[in-house]
Structures are given as C-alpha cells and as structure tokens.
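> predicted model and sequence follow; I will ask about them next.
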Amino acid sequence: MTLIAPSILSADFSKLGQEAQEVLNCGADWLHVDVMDGNFVPNLTIGPPVISALHAAVPNAFLDCHFMTNDPGFWISSTAKAGASTFTFHIEAPSVRSGRNSQYIDPDEDLEAINTACTRLVEEIKAHGLKAGLSIKPKTPASVIGDDLLKALDLVLLMTVEPGFGGQKYIPEAAEKAIQLKKRRSDLLIEVDGGISDATIDHACSCGIDAFVAGSYIFGASDRSIPITLLRKHMVSCKRA
C-alpha cells in the first residue's frame, strides 16, 4: 500500500473545499489535517469545526487528522463527530507524560507509564470509530514505542521535520526509523510527514514508508496533478526495485 496525503495546512483556506476536491481529483488518496494548539508546537491552526466543514465539502474523503496538542484526549469525541477518519497524537504530548512539557522524552521518564497512557488513548480513539495513530518527533527514537502499544496502533507517523510549520528541510534519519519498526511489525502502516518531494521520496520509500504527507510541494504547484503524478511514479519505481 502506498498513499499520498496532501497536507491542507498548505492549501488556500479561503477556498478549502475546492482545494481539497482538486487534489483528490488529481489522484490524492487521503487529506492530511494538521491540528495545532499553539502550545505543543508554536503554531495555531484549526480544530473540529474546520474538520466538520471539510467533511461536508468532501464527504467521501479520508481525513487523516494529526494532533499536535498538549492534551489530545480532549479532542477525540469532537473530532469523531466532525467526520475524521484517523486520529494521530504525539507520544511527546504532556498529557501522556504526567504533565511534562519538554520537547522530547527525558531519559529519566517512565516509558512503561507513557506507553500505558498512550494505549488508553488508542483504545478511546478506536471506541469512537476512528483509526488510531501515534506520531514521534525527529529526535524521539522508535524504541520508546513498546510492543503492546505498537500492536494496538493502526499507524505510526514519523515526523521528518520539527512539527509546527510547513516547508522545512527533510531529515532522512527520522524516516529511517521505519526500518526498525517494520522489523518489529511488518504489517504496520507507516506514514511520513515533512519535506516530502520528488527529491526526497525515494529515500523515504526505501525505508519502507507506506503513506506520504506533502504540503507545499503539492499545493504550491499551479497544476497539482503534476507533483502528485510525479510522487506516484517514484513510489511505483521504488516498490518495483
């Protein structure tokens, strides 16, 4: 399975429904929706009301929602009601780390407790009819995800830029975490977000990535079919190699 998920963070919000439909018509598989609270990351974007409006505009679209928020659990119910398809949250979120708000997991933290808290969130997400995803920042090792948590997840989202803003440079080492995750669970769907373009997708694909989020690379093109088609060609070539 190889999927292209344009990030609406880079779309023109004055005509969001039209922009979303356009990239779907051009061959996109999912729509990636970045929800930021201005605390977990230094940017403030959208929430369930916009997700609901997007769902109304493109009712058959798969809405891949990525929560960069301090307390992702607070948003599960309203996001499900809004029409989301997936709910992905960060293992670095303070609410699953006993309130710690450092950018990365500290060496003295209780990983077992973090994994237990994350597993509870995953169960709640699934109880609301959503697919459950977990995201990790570029400097967070994949080893922080315990085996039980890994088994419970529908997907893992690897950030290949620091979360918060689009248009950053791709970090290859972050994508390479997919290799060890696939060794632990071969059927795991792994998504990558950050700096994806025709210049970086070959490396990401070679690491075993299944779904590719691209924002400015797609929405910055006057003809969105061109970057989507080019990404697809690279993905097909990589899978054949």
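That came in fine, so what should we check first?

> so where's the protein uncertain?
166-167, 241 (pLDDT under 70).

> quick one, strands of it?
3-6, 31-36, 63-68, 86-90, 131-136, 155-159, 189-193, 211-214 (DSSP state E).

> among these, which is nearest residue 165?
Closest of these to residue 165 is strand 31-36, at 9.3 Å (criterion: C-beta to C-beta). Quick note: C-beta positions are derived from backbone N, CA and C, even for glycine.

> now the closest one: buried residues?
31-36 (16 or more other C-beta atoms under 10 Å).

> and what of stretch 103-119?
Residues of stretch 103-119 classed as buried: 105, 114-115, 117-119 (neighbour count, 16+ other C-beta under 10 Å).

> for it, how far is the first residue from the last?
Chord length of stretch 103-119, first to last residue, is 21 Å (C-alpha to C-alpha, to the nearest Å).

> next one: it to chain centre, how far?
Stretch 103-119 sits 20 Å away from the centroid of its parent chain (C-alpha atoms, centre = their mean, to the nearest Å).

> residues in contact with residue 179?
207-208 (C-beta atoms under 8 Å, 6 or more residues apart in numbering).

> wait, I meant residue 36
Counting by C-beta under 8 Å, 6+ apart, residue 36 makes contact with 43-45, 68-69, 163-164.

> highest neighbour count among these?
When neighbours are counted by other C-beta atoms under 10 Å, residue 68 leads the contacts of residue 36 with 25 neighbours.

> how many neighbours does residue 189 have?
So residue 189, with other C-beta under 10 Å, has 18 neighbours.

> from residue 153, how far off is it?
9 Å (C-beta to C-beta, to the nearest Å).
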